[in-house]
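1. give me a model of this one.
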Amino acid sequence: MSIIPLLSVDGGGIRGIIPGRVLEYMETQMGVPAQSQFYMSAGSSAGGLIVSATSLVKGKPIMSAGQAKDLFIDEGPDIFRKGFLSRKFNIDVPNIFTTRYDGKHLDHVLRETFGDLRLSDLDNDLMVSAYDIVRRKEKLFKSWEAQGNFTNPYDRHEDPRAKDYTLFDVTRATSSAQAYFNVHTAQNMLGEPTHLIDGGNFANNPALLVYSDAVRRFGPAHQYVVFSLGTGETERPLDHKGLKNAGILKWAGPTVDINLGSMRSHDYIMRTLIGPDYMRIQTDLRPHGPGNPAPSDDFDDASKENIERLQETAENLIKSERHRLDCFAEFLLANKLKPQDELIAEQQEYDRKHPPRAPACEPHELPGPDGIA
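-> The predicted structure follows:
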């Protein structure tokens, strides 16, 4: 059986600086594009931007991990540019009736980065999450399905163009945090619209998603190793007194933060499933001594001071995890990727020698899935 490394990058807005820097370090240590060393990669929100921007087209990355990280540093202040009153008087003006940001600069940055590239143009297997507010279910963009390689038997009758989207649409959808950016309408290559918001709402840490799809594609007999990059644990407590009897208005902001910050459950499941082969690189956002303030856990705090603190946090994380990161870089370089057909053949050979157990209950007709797209 084969060893199958997978890459997963969390969402976190401006805190994408942290996993971006870690991935940059890995590329420096390996001397090759990060995406060339993984069978599949997945990202939500900021992580979706990072894994998309570092994807390979005709053997070359769209941009390096360092350049992807710099997008947050250089463009973040304009993407998360606060209104006049907030800037002038340093007050947090609530956005009760409209989104906090118009998204124009985000649109500009994504169009400049990806141009007209589509999922079907990618050499690597990419998965990015979003949430469909009309169908009320998850939306997973998958580059291999855009190329006609369907792993879900219920999808195999579909036209691959129905699964193919521009990378602009993919990254804009996964970044559309409700109340912060407008709902994004993405159109596939058949012109069919889908109305989407931030993928972090259901899987801010997409490690479980990419692991599940990999097992579905290549089979359960292989050894799966998941390199999972976090954007910093949210540490700031919510105001329990102020929220004790709060209504919709007071809960609106905290609910978004809770949704986008919920990742520990996926950590728990992944550690249970594959143990030490789940390599989680994460940090907290607490102060580390007097005179050394912590970065904000607000995913839209793109102030100069906070960006510098996020960069410092990323460097401290690399310093503390250097041994594991260097070891993993050596492992990736030594592990040669095999064609998908060879992986499937290995699984089939394993199945012949080890017949699966019969299910406890097997109805004659199973209903089609009505879940993840």
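2. could you point out the longest helix in this protein?
-> helix 304-320 (DSSP state H).
3. ok, which stretches of the stretch 201-350 of the chain are strands?
-> Assigned by DSSP state E, counting those that start in this stretch, the strands in the stretch 201-350 of the chain fall at 223-229, 278-281.
4. for the ones you listed, which one ends up most surrounded?
-> The highest mean neighbour count among the strands of the stretch 201-350 of the chain, using mean count of other Cβ atoms under 10 Å, belongs to strand 223-229: a mean of 23. From N, CA and C alone the C-beta is placed, and that goes for glycine too.
5. packing partners for it?
-> Using 3 or more Cβ pairs under 8 Å, 6 or more residues apart in numbering; DSSP states H and E, the elements in contact with strand 223-229 are strand 3-9, helix 17-30, helix 207-218, helix 264-274, strand 278-281.
6. quick one: distance of the helix or strand just after the second one to the chain centre.
-> It stands for helix 17-30. Downstream of helix 17-30, the first helix or strand assigned by DSSP states H and E is strand 40-44. In terms of Cα atoms, centre = their mean, to the nearest Å, the centre of strand 40-44 is set 5 Å apart from its chain centre.
7. strand 40-44 pairs with which strands?
-> In the sheet, strand 40-44 lines up against strand 3-9 (parallel), strand 125-132 (parallel) (DSSP bridges).
8. quick check: angle from it to helix 17-30?
-> On the basis of axes from the mean of the first three to the mean of the last three Cα atoms, to 10 degrees, strand 40-44 is oriented at 160 degrees to helix 17-30.
9. turn the strands paired with strand 40-44 into JSON lines, including distance to Arg172 and mean pLDDT.
-> Shown next, in JSON lines, are the strands paired with strand 40-44 (distance: least, Cβ to Cβ, whole Å; pLDDT from 0 to 100):
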{"stretch": "strand 3-9", "distance to Arg172": "17", "mean pLDDT": "97"}
{"stretch": "strand 125-132", "distance to Arg172": "9", "mean pLDDT": "96"}
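10. please list all residues in contact with Phe181.
-> Going by Cβ atoms under 8 Å, 6 or more residues apart in numbering, Phe181 touches 99-101, 103, 106, 175.
11. closest to Leu49 among those?
-> The closest of these to Leu49 turns out to be Ser175 (Cβ to Cβ; 6.5 Å).
12. and the residue nearest to Lys69 when sequence neighbours are not counted, how many residues sit next to it?
-> Leaving aside its sequence neighbours, Lys69 sits nearest to Gly20 (Cβ to Cβ, 6 or more residues apart in numbering; 3.0 Å). A count of neighbours around Gly20, defined by other Cβ atoms under 10 Å, yields 30.
13. if I read this right, Gly20 contacts Ala68, doesn't it?
-> Yes: between Gly20 and Ala68 a contact is recorded at 5.4 Å, counting by Cβ atoms under 8 Å.
14. need the overlap of contacts for these two.
-> Shared contacts of Gly20 and Ala68 (Cβ under 8 Å, 6+ apart): Ile50.
15. hmm, back to that, would JSON lines of the contacts of Phe181 with secondary structure be doable?
-> Formatted as JSON lines, the contacts of Phe181 follow (DSSP: H, G, I helix; E, B strand; the rest coil):
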{"residue": "Thr99", "secondary structure": "coil"}
{"residue": "Arg100", "secondary structure": "coil"}
{"residue": "Tyr101", "secondary structure": "coil"}
{"residue": "Gly103", "secondary structure": "coil"}
{"residue": "Leu106", "secondary structure": "helix"}
{"residue": "Ser175", "secondary structure": "coil"}
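16. and the longest helix of the chain, C-alpha only, in PDB?
-> What follows is helix 304-320, C-alpha atoms only, in PDB (Å, rounded to 0.1, in the frame of the first residue of the first chain):
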ATOM      1  CA  LYS A 304      -0.400  47.600  10.400                       C
ATOM      2  CA  GLU A 305       0.100  46.700  14.100                       C
ATOM      3  CA  ASN A 306      -1.900  43.500  13.800                       C
ATOM      4  CA  ILE A 307      -0.300  42.400  10.600                       C
ATOM      5  CA  GLU A 308       3.100  42.700  12.200                       C
ATOM      6  CA  ARG A 309       1.900  40.700  15.200                       C
ATOM      7  CA  LEU A 310       0.600  38.000  12.900                       C
ATOM      8  CA  GLN A 311       3.900  37.800  11.100                       C
ATOM      9  CA  GLU A 312       5.700  37.600  14.400                       C
ATOM     10  CA  THR A 313       3.300  34.800  15.600                       C
ATOM     11  CA  ALA A 314       4.000  32.900  12.300                       C
ATOM     12  CA  GLU A 315       7.800  33.100  12.900                       C
ATOM     13  CA  ASN A 316       7.400  31.900  16.500                       C
ATOM     14  CA  LEU A 317       5.300  29.000  15.300                       C
ATOM     15  CA  ILE A 318       7.900  28.000  12.700                       C
ATOM     16  CA  LYS A 319      10.600  28.300  15.400                       C
ATOM     17  CA  SER A 320       8.700  26.100  17.800                       C
END
